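In: this is a predicted model, with the sequence first.
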Amino acid sequence: MERKVVIKWLKIFSISFLILSLGGLIDFILFSTIINVTLDSEQYTILAIIFQSGFMSFHAALLWIVLLSIFSAYIVLSYSIFKVASKNTLDDKILAKFLLLIGLFLIIGSFITLSFLVLLGNSTIDTGLTTVIFHNSSAIGAMMWSYFIFVVYCFLVSGLIFGGIGLKWTLLIQEEETSND
């Protein structure tokens with residue numbers, strides 16, 4: 001594999017990864033603060049339902065905080081990938097392992113994110129009079145919720161691609177080393 005091509009695509013990936021992560025973080029914050037839900041003829045924001053109203057269990061607040069932390073970690077990861085690609089000081093063997101680790105991190109992190117999204121989405125809002133499943137609370141909320149799922153699936157596919165590229169490049173480097181010996 002050519003190093004220039006890998007570095008170029010790593011930079012492109014990190015920028016697109018940053019855009020998706022920032023979009024996910026902004027969408028998550030907007031989803032929580034702007035969307036109003038009518039419960040028992042009163043208007044609540046999603047953030048108020050999760051943290052203040054007592055309509056949801058304690059684990060929903062923890063899930064919200066963890067999801068916010070995960071999107072922030074994705075932003076930090078994309079920035080660090082861009083810095084590594086920009087410096088271009090790593091040798092091929094370490095860069096190949098770096099790509100493999102990025103892929104593994106993205107796969108594991110995306111599955112964890114997806115499971116937390118499912119847990120939060122399937123949480124119930126119990127007001128005493130009505131019970132609503134969280135992700136079915138409004139039409140706009142459902143569309144914004146779909147964006148979270150889209151972002152996580154993009155990260156999963158990216159993890160598979162980068163893990164595969166890193167593994168293939170590592171194997172090619174090892175094959176060259178063994179044939180030279």
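Out: That came through fine.
In: need the longest helix for the chain.
Out: The residue-count maximum for a helix in the chain (DSSP state H) belongs to helix 139-180.
In: packing partners of it?
Out: Helices and strands touching helix 139-180, by 3 or more CB pairs under 8 Å, 6 or more residues apart in numbering; DSSP states H and E, are helix 3-33, helix 92-121. In short, each C-beta sits where N, CA and C put it, glycine included.
In: what angle do the first one and helix 92-121 make?
Out: Counting by axes from the mean of the first three to the mean of the last three CA atoms, to 10 degrees, helix 3-33 points 20 degrees away from the direction of helix 92-121.
In: low-confidence ranges in this protein?
Out: Residues of the chain that meet the criterion pLDDT under 70 lie in 1, 53, 125-141, 181.
In: pick the most buried one from the helices and strands packed on helix 139-180.
Out: helix 92-121 (a mean of 18; mean count of other CB atoms under 10 Å).
In: buried sites along the helix or strand hosting Tyr44?
Out: Element membership of Tyr44, judged by DSSP states H and E, is strand 42-45. The neighbour-count check on strand 42-45 (16 or more other CB atoms under 10 Å) flags 44-45 as buried.
In: ok, and what's touching that strand?
Out: If you take CB atoms under 8 Å, 6 or more residues apart in numbering as the criterion, strand 42-45 is touched by 32-38, 53, 55.
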